[in-house]
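Q: A structural model of the following input is requested.
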Amino acid sequence: MDNKEINELKRFFLVTPLGLEQLAAQELVFWHKEAKDLEELKGGVEFTSTFAKACELNTCLKVPSRILLRLTDFRCRDFPKLFQKIQKIKWGGLLNSKHMDIVTSVHKSRINNRKRVQLTVFEALQKSKDASLKLEDIKPQKLFIRFFNDQCFVSVDLSGDHLHQRGYKTFSTDAPIRENLAAAMVYEMFGSKNWTQAAEDIGKIKLIDPMCGSGTLLLEAAQLFTKNKLRPYGCDKMLTAEQLEKPGVFEESTYQWAGLEGYDISDKSIEASHQNLANTQNVSLRKLIKFQEQDIFKADEIENNEAKPPDGKPLEKDTTVQRNWVICNPPYGERIKTEGLRNNDFHWLIMQIIKKYSPENIGILLPVKNVRGLKPIKAYKRRTKNFENGGLKVSFLILQKKAP
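A: Predicted coordinates:
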């Protein structure tokens with residue numbers, strides 16, 4: 001694309017996990033305050049910006065799954081017209097791979113054969129003089145064709161691999177959480193607070209994950225306000241080398257947490273966390289984040305909401321900073337075997353967390369059915385954010401300490 005084209009205003013769409021559209025819109029505004037005409041839709045957020053800025057947003061945004069360029073939409077009820085319309089699109093160098101992944105969806109339309117839509121679009125691209133399908137890429141380039149109420153929407157993917165694939169997570173544990181969902185959980189801890197103010201406030205907060213697994217939650221928290229330069233993006237091939245080397249317009253934040261601490265009962269999980277941390281290639285993060293093997297369940301039974309350790313002494317509390325936040329994605333007992341957690345007694349888990357860390361905020365990801373049955377905790381007010389994790393309907397429960 002030439003310099004004029006990459007600086008023209010166009011329409012884009014952030015593909016977002018269901019239930020996280022509002023968070024994605026908030027994150028977009030935090031990074032790109034000049035984004036115009038934002039519209040939250042089911043499954044994503046539409047906005048207007050330039051091609052250059054949308055490409056750079058790939059490196060900034062942590063919640064979306066991918067970024068699409070909206071090319072055109074038109075009414076279409078037959079395949080000859082679909083062929084004609086696709087062939088006439090001015091692709092302008094947007095498509096360049098012989099290996100196309102044409103992603104189709106059809107709803108409430110006369111055209112309802114997805115495979116025939118794919119074939120028709122591919123044949124039209126081969127006949128188009130403006131679509132230079134030349135490069136023998138290993139990974140196919142994605143083109144999205146969506147039919148709804150006989151209206152055809154054509155979009156080109158700008159992200160390449162799914163954006164949750166940051167490039168640092170090469171070691172994993174059982175039932176891991178996707179990186180973009182982990183980032184959304186950390187963002188949700190901020191609540192209704194202005195995100196610029198929240199970024200400034202994290203310097204007073206230690207974030208603790210007592211069941212850290214492979215470290216995803218803390219690694220995402222550490223990189224919320226930084227750009228991800230560990231991987232390539234789909235739009236890289238649409239730009240010249242000179243355009244790629246041009247400095248971006250979005251500035252990274254210099255704010256960082258007072259501390260980030262992760263604990264897990266499994267030595268393999270802690271080893272995976274250290275490996276993933278090393279993969280970030282960020283020396284300052286290695287100094288900031290602490291991963292250590294520890295069993296949070298080494299506290300005795302709770303009776304009447306009070307913990308009674310075997311030696312009769314109170315559990316050690318962390319008082320090294322003024323404010324502790326705790327975030328975790330415990331095993332649910334549905335996808336992996338639960339060890340230590342008694343019969344999915346999440347109230348017991350929360351009370352252990354309160355006893356050990358005296359946190360200002362607690363964020364815990366649980367199946368929706370388990371959140372509904374949780375007993376209230378007098379000292380904390382609660383709110384939830386629902387979405388899906390690996391096909392399970394889950395609820396991110398946030399407990400915020402009430403003012404004295």
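Q: And the helices in the protein?
A: Under the criterion DSSP state H, the chain contains helices at 3-6, 21-31, 51-60, 79-88, 114-127, 179-189, 195-201, 216-222, 241-245, 267-279, 283-288, 346-357, 368-372.
Q: Give me the contacts around the third one.
A: Under the criterion CB atoms under 8 Å, 6 or more residues apart in numbering, residues 1, 5-8, 10, 12, 28, 31-32, 49, 67, 69, 158-159, 163, 227-229, 233-236, 238-239, 243, 246, 248-250 lie in contact with helix 51-60. Yep, even glycine has a C-beta here, placed from its N, CA and C like the rest.
Q: now that helix: mean pLDDT?
A: When pLDDT is averaged over helix 51-60, the result is 95.
Q: in it, what's buried?
A: Under the neighbour-count criterion of 16 or more other CB atoms under 10 Å, helix 51-60 has Phe51, Ala52, Lys53, Ala54, Cys55, Glu56, Leu57, Asn58, Thr59, Cys60 buried.
Q: For the nearest residue in space to Glu200 that is not next to it in sequence, grab the count of nearby residues.
A: With CB to CB, 6 or more residues apart in numbering as the criterion, Glu200 has its nearest non-adjacent residue at 5.8 Å, and that residue is Tyr255. Neighbourhood size, Tyr255 [other CB atoms under 10 Å]: 14.
Q: per-residue pLDDT, Tyr255?
A: 87.
Q: what residue ranges in this protein score low on pLDDT?
A: The chain contains residues with pLDDT under 70 at 1, 132-138, 241, 299-322, 333-344.
Q: mind checking how far the residue nearest in space to the middle of it is from Leu260?
A: Centroid-nearest residue in the chain, with CA atoms, centre = their mean: Asn180, separated by 1.4 Å. The gap separating Asn180 from Leu260 is 19 Å, by CB to CB, to the nearest Å.
Q: what's the answer for Val117, then?
A: Relative to Leu260, and taking CB to CB, Val117 is found at 47 Å.
Q: just to revisit the earlier point, please convert the buried residues of helix 51-60 to TSV, extending it with distance to Gln141.
A: As requested, the buried residues of helix 51-60 are exported to TSV (distance: CB to CB, whole Å):
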residue	distance to Gln141
Phe51	16
Ala52	19
Lys53	21
Ala54	16
Cys55	15
Glu56	20
Leu57	19
Asn58	15
Thr59	19
Cys60	22
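Q: Go through the residues you listed and name the one nearest Glu40.
A: Using CB to CB, Leu57 is the member of the buried residues of helix 51-60 that lies nearest Glu40, at 16.5 Å.
Q: coming back round to it: list buried residues within the contacts of helix 51-60.
A: 1, 5-6, 12, 28, 31-32, 49, 67, 69, 158-159, 163, 227-228, 233-235, 238-239, 243.
Q: Where strands are concerned, which of these count?
A: Counted as lying in strands by DSSP state E, out of the buried ones among the contacts of helix 51-60, are Phe12, Ser49, Ile67, Leu69.
Q: can you pull the contacts of the first one?
A: In other words, Phe12. So Phe12 contacts Glu46, Phe47, Thr48, Ser49, Ala54, Ile67, Leu68, Leu69, Arg70, Leu158 (CB under 8 Å, 6+ apart).
Q: The second one against Val29, yeah?
A: No. Applying CB atoms under 8 Å, one finds Phe47 not in contact with Val29, separated by 9.2 Å.
Q: So between those two, which is more surrounded?
A: In terms of neighbours (other CB under 10 Å), Phe47 is the more surrounded of Phe47 and Val29; the figures are 22 against 15.
Q: On the strand side of things, show who that one bridges to.
A: Phe12 (DSSP bridges).
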